[in-house]
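Asker: take this sequence and fold it.
(chains A, B, C and D)
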2 protein chains.
Amino acid sequence: MKTAVESLRDLGLTEYEAKVYSALVRIGSGTASDIHLVSGIPRSAVYGALHRLEERGTIEVQSSKPMRYRAVPPEIALGKLKDNFMAESENALVALGEIYQTQKIGVREEAIWTISGIKNVSDKIIEMIMSAQNDIIFAASYPSFHEIAKTYPIFKNIKDVLADKIEEGVTVRVTGLRSEGLYGIAKDIPGAIIRAFPADKATAGGGILIVDGKGVLIAIMSENADTGMYDLMAIYTEGVGAASIFKHFVETEWDASVAI
Amino acid sequence: MKTAVESLRDLGLTEYEAKVYSALVRIGSGTASDIHLVSGIPRSAVYGALHRLEERGTIEVQSSKPMRYRAVPPEIALGKLKDNFMAESENALVALGEIYQTQKIGVREEAIWTISGIKNVSDKIIEMIMSAQNDIIFAASYPSFHEIAKTYPIFKNIKDVLADKIEEGVTVRVTGLRSEGLYGIAKDIPGAIIRAFPADKATAGGGILIVDGKGVLIAIMSENADTGMYDLMAIYTEGVGAASIFKHFVETEWDASVAI
DNA sequence: ACGTTGTTTTTATAATACTGACAAAAGCGA
DNA sequence: TCGCTTTTGTCAGTATTATAAAAACAACGT
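Answerer: Numbering: from 1, shown residues only, chains lettered A, B, ... in the order given. Purely as a prediction, here's the structure:
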C-alpha cells in the first residue's frame, strides 16, 4: 500500500505539502518548528507549504506568536480536495463543450492577531488606548475579570492612561456589570461615561476594547485546568471591518444599560 | 471560467496531455499530425502525450497505417480520472487514519483559529452548524454580507443545514437587520426564531455564529482595494470562555431586537 | 549574547516543454 | 520500376519551469 505522502502527492499536493499535512495529522497541532522536526523537511520550507495548505483549507492557523497550526481532520481535508477535483471536473466538462471566459479573483485579508499572557494583553490594551484620537469604548467588567485585577495591577495602569486620554478630549465610555469594581472605575476616572447592566447578564471573563472605531481588542479569560490559575488571552485587529461589527454589538449593549 | 486545458491540467494532466485530449475532442478523430496542427504543440511531443493518455484510457487508438486517434467522450474520460482520484483518496484516508491522533479533550486551551477565503469560511460555518446539539445563534445579516450571498450560494447551503437542525430539535435563532434577506431567511427556514433590528444600527460586513454556547465563529468581510472583490475571513474558537462573552453581547442584541 | 521565528534569496535537481535529426515507410510523377 | 518528396514515428538533446534543499537574514524575546 502506498504511504499517506505518496497518495497525497498523487492527489495533487507537492512533496512538502504532503509531508507537512501528514506531520500535522500525526502531532495534532504544532508550530512550524515542530513540523520541521516531525516531517524532516527544511524548516524554512515549512512556511511556504503551510501557506498553500491553508489556502486549500486543509489546515487551520492560529495567529499567535509563534504561530500554531493544526490539521483539518483527514475526512474533511480529503473531502475538500475531492470537492475541488469535482468542481474542476465539472468545469472541464463545460469548457470542453466550448465557450471560454476569464475571471479574476481578488483576495486578502484583515489581519487578526492574538496575544496571550496577562502582561502582554494589558500592555497591548494600554498601547491601544494611548493611540486613541477620538473615542474609546471599554467593556471589561465581567466577573472573573476582576479576579485578575485583584492580583495584577493592570487596571491601575489602564485607569491612568484612560484618565490621560479624557484630559486630551477623547470620549471614554466604560460599561460593565453593576459591581464594586465599576464604581471604583467611576471614582478613579472622572470624566468617563460609565454605564452598568444587571449582574445576571454576565457570563464569563473577558472584555472588549474599541478604539476610534477601527481597532478592536477582545480579551478572554481562561482558567488553567491543572493549576487553577487564571490566564488572559486576547485577539485584536486594526481593520475597520472587524471593528465596526464589534462596535455594533457593544453599542447595543450600551443602549441596554443604565447610567450610574 | 477556466479553459478546458487549464482544468484538465488541474486534474493532473500535463500541458501536452491536456492539449492533445482537448484537440481530439475538437476534431473528433485524427492523426498525430492533425493533433499537432490543431493543438499547436510540437509534432514529436504528440506521440508521448498520446501514449500516456492511452494508458489512462481517455483516448482510443486505431492501428492503421498512419495511426488514428480519437477521444473517449468527456463524461467517460473525466469519470475515469475521477475513479482514479477517488481510489487514491481512499488510500490516503486509510494511510492517514493509521497515524491520526485523536485530540485529547478537556484540557483544551482557548485557542483561536483563523480561516480565510469564502469557500473555507462557509465550509466551517456549515461544519459548526452540523455539530450543534442544542442551540444555534446566527447573526449574519449585515448589509454587504449579502453581496457575497449573491455571488456565492453559501446561504443556500447554510439555510438547508439550519432547516435540518430544526427538525432535529435544535433551537435556531437568527438575527439581523430588517431587510429582504432576513425575510427570505424567515421564509426559507420555518421553525427558526427570527428577530430584526433597525437598519441604522448596522455597520459593516460580517456576522457571528454561536453553537451550543461553546463554539463561536466571527466572519468578517473585506473588500479588496484593487479589484473591488469581496473576501471573507473568519476567526473561531471552541472554548467556553470566548463563547460566553460573545454570547452575552449577541443575546443583549437579541433582547433589543424585535420579532418578525 | 543567544536561540527562535518567519522571510527571503540562492542553488540544486527533477519534471516537463520544446527542438531538431533521423530512418522507415508511403505517396507520386515519371 | 525508379528517383524524389512527404509523412510517420522514434530519439537524443536542450530549454524552461516547478519544486526541493540550503543558507542568510532581520525581528524578537530570553
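Asker: in what helix or strand does A:His51 lie?
Answerer: Secondary structure from DSSP states H and E places A:His51 in helix A:43-56.
Asker: do that helix and DNA strand C meet?
Answerer: Yes - for helix A:43-56, a contact with DNA strand C is found by C-beta under 7 Å from any atom of the strand, at A:Arg43, A:Ser44, A:Tyr47, A:Gly48. In short, each C-beta sits where N, CA and C put it, glycine included.
Asker: what lies in contact with that helix?
Answerer: If you take C-beta atoms under 8 Å, 6 or more residues apart in numbering or on different chains as the criterion, helix A:43-56 is touched by A:13-14, A:16-17, A:19-21, A:32-33, A:35-36, A:39, A:41, A:59-61, A:69, A:80-81, A:84, B:116-117.
Asker: that older thread, near DNA strand D, list only the ones from the residues of helix A:43-56 next to DNA strand C.
Answerer: A:Ser44.
Asker: got the residues of helix A:43-56 next to DNA strand C as TSV, with neighbour count, pLDDT and distance to A:Leu232 columns?
Answerer: Compiled in TSV, those are given as follows (neighbours: other C-beta atoms under 10 Å in any protein chain shown; pLDDT from 0 to 100; distance: C-beta to C-beta, whole Å):
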residue	neighbour count	pLDDT	distance to A:Leu232
A:Arg43	12	90	30
A:Ser44	9	90	33
A:Tyr47	14	92	28
A:Gly48	13	91	33
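Asker: closest one to A:Gly184 out of the residues of helix A:43-56 next to DNA strand C, please.
Answerer: A:Tyr47 (46.5 Å; C-beta to C-beta).
Asker: kindly format the C-alpha coordinates of stretch A:13-23 as CSV.
Answerer: The C-alpha coordinates for stretch A:13-23 follow below in CSV (Å, rounded to 0.1, in the frame of the first residue of the first chain):
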residue,chain,number,x,y,z
LEU,A,13,-0.1,18.1,-3.3
THR,A,14,3.7,18.7,-3.6
GLU,A,15,6.1,16.6,-1.6
TYR,A,16,6.4,19.3,1.1
GLU,A,17,2.7,19.9,1.3
ALA,A,18,2.0,16.2,1.7
LYS,A,19,4.7,15.8,4.3
VAL,A,20,3.5,18.9,6.3
TYR,A,21,-0.1,17.8,6.3
SER,A,22,0.9,14.3,7.2
ALA,A,23,3.0,15.6,10.1
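Asker: can you list contacts of that stretch?
Answerer: Outside stretch A:13-23, the residues that reach it (C-beta under 8 Å, 6+ apart) are A:4-6, A:8-9, A:34-35, A:38-41, A:45-46, A:48-50, A:52-53, A:58-59, A:71, A:77, B:96, B:99.
Asker: so which of these sit within strands?
Answerer: Under the assignment DSSP state E, those contribute A:Ile59, A:Ala71 to strands.
Asker: among the contacts of stretch A:13-23, name the buried ones.
Answerer: With burial judged by 16 or more other C-beta atoms under 10 Å in any protein chain shown, the buried subset of the contacts of stretch A:13-23 is A:4-6, A:8-9, A:34-35, A:38-39, A:41, A:45-46, A:49-50, A:52-53, A:58-59, A:71, A:77, B:96.
Asker: nearest spatial neighbour of A:Ala92, chain-adjacent residues omitted?
Answerer: Closest residue to A:Ala92 apart from its sequence neighbours, by C-beta to C-beta, 6 or more residues apart in numbering or on different chains: B:Ser7 at 3.6 Å.
Asker: what about the one you found, how many neighbours?
Answerer: The number of residues packed near B:Ser7 is 24, by other C-beta atoms under 10 Å in any protein chain shown.
Asker: show me what the top helix by length along chain A packs onto, helices and strands only.
Answerer: Determined from DSSP state H, the single longest helix within chain A is helix A:74-96. Contact here means 3 or more C-beta pairs under 8 Å, 6 or more residues apart in numbering or on different chains; DSSP states H and E; on that basis helix A:74-96 packs against helix A:43-56, helix B:4-10, helix B:74-99.
Asker: TSV for these, including distance to B:Ile125?
Answerer: Shown next, in TSV, are those (distance: least, C-beta to C-beta, whole Å):
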stretch	distance to B:Ile125
helix A:43-56	17
helix B:4-10	26
helix B:74-99	24
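Asker: any idea which of those helices gets closest to B:Asp135?
Answerer: helix A:43-56 (30.5 Å).
Asker: next, the angle from the closest one to helix A:74-96.
Answerer: Orientation check (axes from the mean of the first three to the mean of the last three C-alpha atoms, to 10 degrees): helix A:43-56 against helix A:74-96 gives 70 degrees.
Asker: please save the CA atoms from helix A:43-56 in PDB.
Answerer: Output of helix A:43-56 as PDB, limited to C-alpha atoms (Å, rounded to 0.1, in the frame of the first residue of the first chain):
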ATOM      1  CA  ARG A  43      12.300  24.400   8.400                       C
ATOM      2  CA  SER A  44      12.200  27.400   6.000                       C
ATOM      3  CA  ALA A  45      10.300  25.200   3.500                       C
ATOM      4  CA  VAL A  46       7.600  24.500   6.100                       C
ATOM      5  CA  TYR A  47       6.200  28.000   5.900                       C
ATOM      6  CA  GLY A  48       5.500  28.000   2.200                       C
ATOM      7  CA  ALA A  49       3.900  24.600   2.300                       C
ATOM      8  CA  LEU A  50       1.700  25.800   5.300                       C
ATOM      9  CA  HIS A  51       0.500  28.800   3.300                       C
ATOM     10  CA  ARG A  52      -0.500  26.700   0.400                       C
ATOM     11  CA  LEU A  53      -2.300  24.200   2.600                       C
ATOM     12  CA  GLU A  54      -4.100  27.000   4.400                       C
ATOM     13  CA  GLU A  55      -5.400  28.300   1.000                       C
ATOM     14  CA  ARG A  56      -6.700  24.800   0.300                       C
END
